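Undergrad: what follows is a predicted structure for the sequence shown.
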Amino acid sequence: MNQRTATPRRRPLPRRFFARDTVLVARALLGCTLWVDSGGTLCAGRVVEVEAYLDERDPASHAGRGRTPRSAIMFGQPGVAYVYLVYGMHHCFNVVTETTGRAGAVLIRAVEPLVGEDAMRTRRGSSPDAELCAGPGRLCRALGIDLAWNGLSLGGRLRSVANKPGPGRVWIAAGEPPAQVISGPRIGIRRAVERPLRFCDPESRCLSRSPGLGSL
DNA sequence: GAACCGATTGCCT
DNA sequence: GGCAATCGGTTCG
């Protein structure tokens, strides 16, 4: 198990980490630690599966048809959480990438639980540990992330806006990159299926699906 | 406004 | 493997 015994680092990655090419950021996020403090409960997991969503040139991206009220956040500051609702019931957690003005985001599809597994089980109900955070919807459910988290900065500090506490804190810390990275088509999309913009650690047992073909 | 469509999941056959 | 659940965003009239 990767990093299972080591104590994960906690220091938040700087904003400039995310202000780069989206595919670069997506690959670099593998092995990093996602920290979430929701309702005073701290959870963390090792990022093992991500997908890159690009700008106007990517028909599968929410930014694929330009700036809309929803996709505007993808054109905004990097290092910000982009959370949306899919199928009327599941949430997806993304990190905004690229410099301000250029659209991009990385969808976190799966993490290996490292901290707070009890809380995850409580939120997710009975399910095998390997499946607690294996999938974008499952991950958000396990970590307590919903629409209220949309727009939060990944600074790791409490957001103090008008003295009102936010829903919680979320940030990402550096970790040990996987020995191998597999790329493949993104999951659940109909457009641009040929693009290998899904990246995962094939050695992880916590993936949402088996790794695609085509190694990088 | 109304109709349509999902970056999913879990339960059913 | 098939399919229903469920609602915000986008598109169309």
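TA: Done, it's in. Numbering: from 1, shown residues only, chains lettered A, B, ... in the order given.

Undergrad: how about stretch A:80-98 as CSV, C-alpha atoms only?
TA: Listed in CSV are the C-alpha atoms of stretch A:80-98, where the atom choice follows Å, rounded to 0.1, in the frame of the first residue of the first chain:
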residue,chain,number,x,y,z
VAL,A,80,-9.9,27.2,-5.9
ALA,A,81,-12.4,24.4,-5.4
TYR,A,82,-15.0,23.8,-8.1
VAL,A,83,-17.9,21.7,-6.8
TYR,A,84,-21.0,20.9,-8.8
LEU,A,85,-24.0,18.5,-8.6
VAL,A,86,-24.3,15.7,-11.1
TYR,A,87,-27.4,13.6,-11.8
GLY,A,88,-29.2,15.6,-9.3
MET,A,89,-27.7,13.8,-6.4
HIS,A,90,-23.9,13.4,-6.5
HIS,A,91,-21.2,16.0,-6.1
CYS,A,92,-17.9,16.3,-7.9
PHE,A,93,-14.8,18.0,-6.5
ASN,A,94,-12.5,19.8,-8.8
VAL,A,95,-9.5,22.0,-8.5
VAL,A,96,-9.2,25.1,-10.8
THR,A,97,-6.0,25.2,-12.8
GLU,A,98,-4.3,27.6,-15.2
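
Undergrad: so which bits of it are buried?
TA: A:80-84, A:91-98 (16 or more other C-beta atoms under 10 Å). All C-beta spots, glycine's among them, are computed from the backbone N, C-alpha and C.

Undergrad: ok, residues contacting that stretch?
TA: Applying C-beta atoms under 8 Å, 6 or more residues apart in numbering, the contact partners of stretch A:80-98 are A:18-22, A:25-26, A:29, A:53, A:55, A:62, A:70, A:73-74, A:76-79, A:104-108, A:136-137, A:139-141, A:143, A:145-147, A:149-154, A:170, A:172.

Undergrad: ok, residue A:204 - contacts?
TA: With C-beta under 8 Å, 6+ apart, residue A:204 has these contacts: A:2, A:46, A:48, A:49, A:110, A:112, A:178.

Undergrad: likewise for residue A:30?
TA: Counting by C-beta under 8 Å, 6+ apart, residue A:30 makes contact with A:47, A:48, A:49, A:50, A:177, A:178, A:181, A:199, A:200, A:201.

Undergrad: which stretch of helix or strand covers the second one?
TA: Using DSSP states H and E, the element containing residue A:48 is strand A:41-53.

Undergrad: what's opposite the most centrally placed residue in chain A in the beta bridge?
TA: For chain A, the residue nearest the mean C-alpha position is residue A:108 (2.5 Å; C-alpha atoms, centre = their mean). On the basis of DSSP bridges, residue A:108 takes part in beta bridges with residue A:50.

Undergrad: if we check DNA strand B, which of the contacts of stretch A:80-98 are in contact?
TA: The subset of those within reach of DNA strand B, by C-beta under 7 Å from any atom of the strand, is A:53, A:62, A:74, A:105, A:107, A:136, A:137, A:139.

Undergrad: which residues does the nearest residue to the fourth one once chain neighbours are set aside form a beta bridge with?
TA: Put plainly, it is residue A:105. Across the structure, with C-beta to C-beta, 6 or more residues apart in numbering as the measure, the residue nearest residue A:105 apart from its sequence neighbours is residue A:94 (4.2 Å). When assigned by DSSP bridges, residue A:94 has beta-bridge partners residue A:82, residue A:107.
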